[in-house]
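Chemist: Predicted model and sequence below, questions to follow.
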Amino acid sequence: ETLNTSIEGVGGPNDHRTGTGETEESLTNRQGHPVTDNQNIRTVGNRGPATLENYDYIEKISHFDRERIPERVVHARGAGAHGYFETYGKVGDEPVSKYTRAKVFHEPGKRTPVFARFSTVAGAKESPETARDPRGFAVKFYTEDGNWDLVGNNLKIFFIRDPLKFPDMIHAFKPDPVSNIQYPERMFDFVAGSPESLHMITFLFSPWGIPANYRQMQGSGVNTYKWVNQDGEAVLVKYHWEPLSQGIRNLTQKEAEEIQAENTSHATQDLYEAIERGDFPEWELCIQIMSDDEHPELDFDPLDDTKLWPTDKFPFLPVGKMVLNKNPENYFAEVEQAAFGTGVLVDGLDFSDDKMLQGRTFSYSDTQRYRVGANYLQLPINAPKKRVATNQRDGQSTYYVDTPSGRNPHVNYEPSVLDGLQESKQVGKVHEPHYNDKLVREPIERTNHYGQVGETYRQFEEWEREELISNLVAALEVSHEKIQEKMIEHFTKADSDYGRRVSEGLAKAKEANKNQNKKHTTTVKAQKAMYSAQRKG
Ligand code: HEM
């Protein structure tokens with residue numbers, strides 16, 4: 001059967017201009033030319049030399065040469081899936097309109113399409129998914145008001161509370177710039193000098209640091225946002241994703257090592273195969289609410305992302321659920337090119353003054369303009385599933401022009417009386433927080449580095465504490481003594497039992513190493529400890 005091209009007759013067997021015999025199965029190049037030989041380049045005689053006008057070859061190889069885009073600077077390894085979010089239309093037992101006018105949460109049962117991407121943080125694009133590392137949990141909601149991205153992690157807190165420290169933190173966690181090996185010593189060198197990270201480290205080195213897969217883990221927005229109602233009144237909110245029927249499961253170090261020996265893509269595979277067999281993972285979205293003020297009664301600052309909001313005072317209130325029911329059709333087009341950012345909010349959702357959130361908000365779209373390109377928002381995975389009408393034009397890989405039909409395509413500016421685009425009306429009252437303070441560079445007052453760390457440590461079950469100590473000892477054992485001392489000091493301030501057990505563990509390890517006449521080393525052994533290839537017995 002001949003191909004029915006838009007220019008009648010072109011390319012078919014009866015096309016005397018090309019005479020190519022193109023059919024439905026035919027391979028073509030990107031110019032639409034049928035490829036008649038995909039095995040041999042054109043040469044002078046069958047032994048060469050080659051000629052430079054081989055268009056098919058040059059198009060094929062030069063496209064191949066450009067197949068990779070820069071991997072994400074963090075969260076490079078990931079898996080994604082499509083699905084929907086279904087709102088309960090309520091916040092716990094209260095009407096949602098009391099707190100937010102965001103349409104995505106209104107009308108019980110209403111579904112909004114979503115795309116979710118899960119990831120590890122420090123490893124490169126094809127690194128093992130068994131790493132002890134936070135897991136990214138990013139969701140793009142294609143709402144009727146445009147896109148909303150909730151870019152979270154599995155753990156509910158973070159290492160740092162000031163975005164200025166992020167590049168240093170990531171440098172310390174990523175491989176050494178000389179050897180390209182990831183050393184726990186570098187990580188703990190940073191952590192020892194950044195006591196705010198102790199809470200996150202305590203979760204990360206416990207079994208909570210290796211979720212069993214992407215389906216059986218929680219998610220959290222980590223940073224504090226605001227919900228704004230029709231009257232412009234705001235409350236502080238934190239978001240949490242709780243797995244429904246699939247439950248929560250973490251791995252011990254040993255279990256992770258066993259999986260890693262066999263499979264470095266187990267989490268991607270688990271998600272993909274579950275969706276293929278119709279076993280769709282589901283999460284309930286819960287929020288915690290606080291009034292929008294400084295809360296001097298708390299021993300921590302509500303905008304400090306290294307702290308948990310205690311659930312007895314700020315309960316989890318269910319607001320809806322997400323179901324992931326469709327795998328990507330193409331990994332690169334959808335998962336790799338997906339671009340999430342904390343700045344991507346819709347009417348009724350707002351930023352808080354959380355410094356980290358503000359710092360992140362610049363970083364995401366900045367990196368995406370570099371990583372994916374200036375027109376990354378025109379790609380189907382990133383474009384809203386609603387009308388877009390801008391005066392933004394041109395740039396690399398412009399795919400279409402954002403002028404809706406019926407508007408004057410000559411007018412790419414505003415204001416104009418010549419049928420150009422107009423500002424839309426503000427419907428809800430704008431939330432206008434009032435500020436009156438000095439502009440400073442200062443840490444927050446209620447740093448309280450240790451209080452919640454001790455509470456978390458004591459709340460773990462005993463087997464979780466054992467894992468935590470053993471994993472910490474394995475990483476600290478290969479770190480400089482000064483770092484060990486500082487870390488023991490920090491752990492002791494959080495809980496004396498915590499400090500004592502790490503200290504005893506390290507002493508024991510030192511004794512064992514001495515017996516084996518081993519020198520302090522931060523090379524291969526350190527890498528193994530980090531990447532869990534070998535666990536100390
Ligand atoms: C990815 C920056 C903190 C969650 C990224 C990317 C950057 C970045 C540049 C790569 C984005 C891309 O290439 O598309 C920062 C900065 C932070 C910060 C500057 C602190 C100041 C956090 C925190 C969380 C988080 C606290 C958790 C709530 C994520 C996730 C991704 C990501 C889930 C991957 C998104 C995806 O799947 O594409 N971050 N980040 N980040 N970040 Fe952050």
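Modeler: All right, it came through fine. Numbers count the residues shown, from 1 in each chain.
Chemist: pLDDT wise, what is Thr18 at?
Modeler: pLDDT recorded at Thr18 is 52.
Chemist: Stretch 226-245 close to the ligand?
Modeler: No - contact of stretch 226-245 with the ligand (C-beta under 6 Å from any ligand atom) is absent, the minimum separation being 9.5 Å. (Each C-beta comes from the backbone N, C-alpha and C, glycine too.)
Chemist: could you give me the average pLDDT of that stretch?
Modeler: Stretch 226-245 comes out at a mean pLDDT of 98.
Chemist: list the buried ones in it?
Modeler: Within stretch 226-245, the residues that qualify as buried are 226-229, 234-243, counting by 16 or more other C-beta atoms under 10 Å.
Chemist: next one: stretch 384-399
Modeler: Neighbour-count burial for stretch 384-399, counted by 16+ other C-beta under 10 Å, picks out Pro384.
Chemist: Any idea how far apart the tips of that stretch sit?
Modeler: Stretch 384-399 has an end-to-end distance of 15 Å (criterion: C-alpha to C-alpha, to the nearest Å).
Chemist: Out of the buried residues of stretch 226-245, list just those in strands.
Modeler: Judged by DSSP state E, those include 226-228, 234-243 as members of strands.
Chemist: Including distance to Lys438, could these go into JSON lines?
Modeler: As requested, these are exported to JSON lines (distance: C-beta to C-beta, whole Å):
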{"residue": "Lys226", "distance to Lys438": "23"}
{"residue": "Trp227", "distance to Lys438": "29"}
{"residue": "Val228", "distance to Lys438": "27"}
{"residue": "Ala234", "distance to Lys438": "24"}
{"residue": "Val235", "distance to Lys438": "27"}
{"residue": "Leu236", "distance to Lys438": "23"}
{"residue": "Val237", "distance to Lys438": "28"}
{"residue": "Lys238", "distance to Lys438": "28"}
{"residue": "Tyr239", "distance to Lys438": "32"}
{"residue": "His240", "distance to Lys438": "35"}
{"residue": "Trp241", "distance to Lys438": "38"}
{"residue": "Glu242", "distance to Lys438": "41"}
{"residue": "Pro243", "distance to Lys438": "45"}
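Chemist: Just the closest of those residues to the ligand, please.
Modeler: Using C-beta to the nearest ligand atom, Tyr239 comes nearest to the ligand of these, at 9.5 Å.
Chemist: Name the nearest residue to that closest one, sequence neighbours excluded.
Modeler: Gly221 (3.6 Å; C-beta to C-beta, 6 or more residues apart in numbering).
Chemist: The stretch 51-200 of the chain against the ligand: which residues are in contact?
Modeler: So the stretch 51-200 of the chain meets the ligand at 72-75, 78, 117, 119, 136, 138, 151-153, 158, 163, 166 (C-beta under 6 Å from any ligand atom).
Chemist: and if we set it to 8 Å?
Modeler: Residues of the stretch 51-200 of the chain lying close to the ligand by C-beta under 8 Å from any ligand atom are 72-75, 78, 80, 117-119, 121, 134, 136-138, 151-153, 158, 160, 162-163, 165-167.
Chemist: now swap in the stretch 301-450 of the chain and tell me
Modeler: So far as C-beta under 8 Å from any ligand atom goes, the stretch 301-450 of the chain lies against the ligand at 305, 338-342, 356, 359-360, 362-364, 366-368, 371-372.
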